[in-house]
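Novice: I would like the atomic coordinates for the input below:
(one chain, ligands or ions: 1)
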Amino acid sequence: MPHAPISDAALDQIFRQARTQNAWLDTPVSETLLRAIYELVALGPTTANSNPTRIVFVTTEEGRKRLAPHLSEGNRAKTMKAPATAIIGYDLKFYDKLPQLFPHNPGAREWFSGSEELAEKTAFRNSSLEGAYFIIAARALGLDTGPMSGFNNAGVDQEFFAGTSIKSNFICAIGHGDPAAVFPRSPRLSFEEACRIV
Ligand SMILES: Cc1cc2nc3c(=O)[nH]c(=O)nc-3n(C[C@H](O)[C@H](O)[C@H](O)COP(=O)(O)O)c2cc1C
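Specialist: Predicted coordinates for the structure are as follows:
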């Protein structure tokens, strides 16, 4: 049966009225909600069902202190006030899990294991997609987000992913945003500027 479009209220919540946040209310985010976000993220499509994304949720003072030195000046203070910040990373060796994730094609691991370049490209592309699903999932569950790439990736990798094949992509603060700190909405490209139908 064809699906009906989701409601206008849902579209407002996820897109039209959702804004990138710069300050956070003092409302905690439960582990149950963090798990609920990931359960949705994991269902989004990825190449060969590879799920290359690995996430560290920073929710404690100790975790925030480890993150702080690697953040750009403009991102530091606000990230320290966020109830949770997800470090969205990708596993360069994601292909080792393909026998589990793509069992109907036993050769899938070898599509990637022989080429570092293809593995890197695939992991980064799909973790960026899963990062986008993350933002949409968090908003759908009633949370606000603040995605950020202004940080030292090598520093974060050393601090949180040392000894692994995981690299950071971007970080995303989550919680309940303070509407007073939201910037005016910037313009977007129109359909005519960004798209062609051929
Ligand atoms: C991958 C990514 C990286 C971003 N990096 C930063 C950042 O380092 N610092 C920051 O303040 N905002 C950052 N932003 C926020 C964007 O500037 C913001 O989402 C955009 O201007 C749209 O704002 P709006 O969602 O309120 O319309 C980033 C957003 C994304 C998706």
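Novice: which residue is the nearest non-sequential neighbour of the residue in the chain that the ligand sits nearest to?
Specialist: Here the residue of the chain nearest the ligand is G150; by Cβ to the nearest ligand atom that distance is 2.8 Å. Placement of C-beta: from N, CA and C, glycine included. Closest residue to G150 apart from its sequence neighbours, by Cβ to Cβ, 6 or more residues apart in numbering: S72 at 3.7 Å.
Novice: what about that neighbour, how many neighbours?
Specialist: 12 (other Cβ atoms under 10 Å).
Novice: that one reaches G155, doesn't it?
Specialist: No - at 11.0 Å, S72 does not count as touching G155 under the criterion of Cβ atoms under 8 Å.
Novice: what helix or strand is A86 located in?
Specialist: Assigned by DSSP states H and E, A86 belongs to strand 84-91.
Novice: same for whatever helix or strand comes next after that strand, what does it pack against?
Specialist: Using DSSP H and E, the helix or strand that follows strand 84-91 towards the C-terminus is helix 98-101. Contact partners of helix 98-101 among helices and strands, from 3 or more Cβ pairs under 8 Å, 6 or more residues apart in numbering; DSSP states H and E: helix 108-113.
Novice: go again with 6 Å.
Specialist: With contacts taken as 3 or more Cβ pairs under 6 Å, 6 or more residues apart in numbering; DSSP states H and E, helix 98-101 sits against no other helix or strand.
Novice: how about it: buried residues?
Specialist: Buried residues in helix 98-101, counted by 16 or more other Cβ atoms under 10 Å: L98, L101.
Novice: quick one: the longest strand anywhere in the chain to strand 84-91, angle?
Specialist: With secondary structure taken from DSSP state E, the chain has its longest strand at strand 166-175. Here strand 166-175 points in a direction 160 degrees away from that of strand 84-91 (axes from the mean of the first three to the mean of the last three Cα atoms, to 10 degrees).
Novice: show residues contacting strand 166-175.
Specialist: 24, 29, 54, 79, 82-91, 127, 138, 143, 145-149, 153, 156-157 (Cβ atoms under 6 Å, 6 or more residues apart in numbering).
Novice: mind redoing it with 7 Å?
Specialist: By Cβ atoms under 7 Å, 6 or more residues apart in numbering, the residues outside strand 166-175 that reach it are 21, 24-25, 27, 29, 54, 79, 82-92, 124, 127-128, 131, 134-135, 138, 143-149, 151, 153, 156-157, 161.
Novice: close to the ligand: what parts of this protein are there?
Specialist: With the criterion set to Cβ under 6 Å from any ligand atom, the chain comes near the ligand through R19, T20, N75, P147, M148, S149, G150, F170, R185, S186.
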